[in-house]
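1. sequence plus the predicted model coming up.
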Amino acid sequence: MSLSKKKIYIFGCTMWDIVGKPSEPISKGKDCSGFINERPGGVAFNIAIGLSKILNKRSYELNLVSAIGKNEKTRLIRTALEEHNINTKYLVIKGNQNDQYLSIETKNGEIFGSINSSSTFLSSQSDIIEQFSQICLAHKKEKSEAIFIFDGNCTREFLDYVKEEAGEKIFTKYFIPANFLKLAAFKNDANYFKGFNLFINLKEANILIGSKKLKNAMDASIAIFEKIRTETCLTIVTDGPNLACGVSNEEVAKVQPEVIKGTYSRLGAGDAFFAYFLSYKELNPSASLKKSLRAANRKTENYLQNND
C-alpha cells in the first residue's frame with residue numbers, strides 16, 4: 001500500500017436514498033403529488049463525495065470503508081465513487097441488499113419523516129474491523145499520518161477497537177453521529193470520546209452529557225469539549241438555523257448559518273458542512289477555527305442550491 005499521499009478513511013454507511021418531495025403542502029395522512037428521486041447516499045458516502053470536490057486534486061487519497069450488497073445498484077454506487085476518485089478497495093460486499101434511506105420532505109425541502117435501514121453495514125462489523133486493523137498496521141509501520149472519520153452507524157464494539165488500536169498521534173479521529181438515536185449507547189458518556197474530534201448537534205450533545213439543560217450550541221460545545229479535551233481535539237456543535245459553535249484549546253468560535261432561501265432539499269447538508277470544514281482546515285492549517293467554520297458555511301449554501 002502506497003503511503004505517499006495523506007490518506008483519509010471514512011467509515012460508515014453507504015445507502016441507497018429514496019427521497020419524496022411533494023409539490024404541495026404535506027400533512028399526516030395526506031396523499032400528495034410530487035417527485036421521487038433515487039441516488040447513492042448515506043453519511044459516510046456523502047462525506048467522501050464532499051471531500052473529493054476539494055481535496056481530489058491535492059495530495060490526498062480518499063478511502064470509503066463501508067459495506068454494500070451485490071445487486072443492480074452496486075455498479076451505480078461504485079461508478080459514483082470512482083468518478084470522484086474515491087478508493088473502493090475497502091468496500092465489503094455483503095449479501096444482496098443495500099442499506100437504504102427513505103425520506104419524505106416538505107414542499108420547502110425540510111424532512112417531514114424518514115426511515116433508515118443499516119443492516120448490511122451492521123452485519124459487516126467484523127469485516128470492517130479487519131479492514132481497520134490492516135489500515136492501522138500499515139500506517140504504524142510507515143509512521144505516516146491518517147485521518148479517520150466515523151459516522152454514527154459504527155458500533156460501540158468497533159469504536160472500542162479504534163480506541164485501543166489508534167491512540168497514536170499520527171491518527172486524527174472524527175466522530176459524526178448524524179442521528180441522535182444512534183447515540184443511545186453513549187448516553188451520559190461524553191468522556192468516551194476523549195481523543196476524538198466531535199461534530200454534533202445540540203440534541204446529540206445533550207445525550208452525551210445526559211441532560212437536557214444545554215440550551216444553545218455555545219454552552220454545549222464548551223461542556224462537551226471539557227469532557228474530551230486533549231492537545232489537539234475540537235468540538236463543533238450545530239443547532240439548525242441557530243448559532244453554531246466550535247471550541248478548541250486556542251479558540252471559541254461562533255458562526256451564524258446562512259439563511260436558506262428557496263425550497264432546496266436539506267438532505268446531506270450536515271455531511272457537506274463537515275466535509276467542507278475539514279477540507280478547508282486541511283488546506284489552511286494556520287486558519288482560525290472561526291474562519292474554517294465560515295468557509296464551510298458558505299460552501300454548504302452553494303451545495304444546497306446545486307444539489308436539489
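-> In hand now; what should we look at?
2. I figured Phe7 hits Ser59, correct?
-> Phe isn't right for residue 7; it's Lys. No. The criterion here is CB atoms under 8 Å, and Lys7 misses it with Ser59 at 10.2 Å. Heads up, the C-betas are built off the backbone N, CA and C, glycines and all.
3. those two: which has the busier surroundings?
-> It is Lys7, of Lys7 and Ser59, that has more neighbours when counted by other CB atoms under 10 Å, with 21 against 9.
4. need the pLDDT of that one.
-> Turning to Lys7, the model gives it a pLDDT of 96.
5. looks to me like it is in a strand.
-> Yes. Lys7 forms part of a strand when assessed by DSSP: H, G, I helix; E, B strand; the rest coil.
6. contacts only, for it.
-> Under the criterion of CB atoms under 8 Å, 6 or more residues apart in numbering, the neighbours of Lys7 are 60-63, 139, 144, 146-147.
7. could you do Lys194 as well?
-> With CB under 8 Å, 6+ apart, Lys194 has these contacts: 227-230, 233.
8. now, of these, which are buried?
-> Judged by neighbour count, with 16 or more other CB atoms under 10 Å as the criterion, the buried members of these are 227-229, 233.
9. could you identify the most distant pair in the residues you listed?
-> Using CB to CB, the two most remote members of the buried ones among the contacts of Lys194 are Lys227 and Cys233, lying 10.4 Å apart.
10. tell me where the stretch 201-308 of the chain has helices.
-> All helices of the stretch 201-308 of the chain, identified by DSSP state H, counting those that start in this stretch, fall at 202-209, 217-228, 269-283, 289-306.
11. can you give me the angle the first one makes with helix 217-228?
-> The reference is to helix 202-209. Computed by axes from the mean of the first three to the mean of the last three CA atoms, to 10 degrees, the angle separating helix 202-209 from helix 217-228 equals 30 degrees.
12. so what does helix 202-209 touch, helix or strand wise?
-> The contact analysis (3 or more CB pairs under 8 Å, 6 or more residues apart in numbering; DSSP states H and E) places helix 202-209 against helix 217-228, strand 235-239.
13. and among the ones you listed, the most buried is which?
-> strand 235-239 (a mean of 26; mean count of other CB atoms under 10 Å).
14. what helices or strands is that one leaning on?
-> The helices and strands touching strand 235-239, judged by 3+ CB pairs under 8 Å, 6+ apart, are strand 197-201, helix 202-209, helix 217-228, strand 242-247, helix 269-283.
15. with mean pLDDT and distance to Asn306 added, can I get the ones you listed in CSV?
-> Conversion of the helices and strands packed on strand 235-239 to CSV gives the following (pLDDT from 0 to 100; distance: least, CB to CB, whole Å):
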stretch, mean pLDDT, distance to Asn306
strand 197-201, 95, 22
helix 202-209, 92, 27
helix 217-228, 94, 26
strand 242-247, 94, 22
helix 269-283, 93, 10
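16. figure out which of those is closest to Gln97.
-> Comparing the helices and strands packed on strand 235-239 by their distance to Gln97 (CB to CB), the top pick is helix 269-283, with 22.5 Å.
17. got the angle for that closest one vs strand 235-239?
-> Helix 269-283 and strand 235-239 meet at an angle of 150 degrees, taking the same axes, to 10 degrees as the criterion.
18. done for today, thanks.
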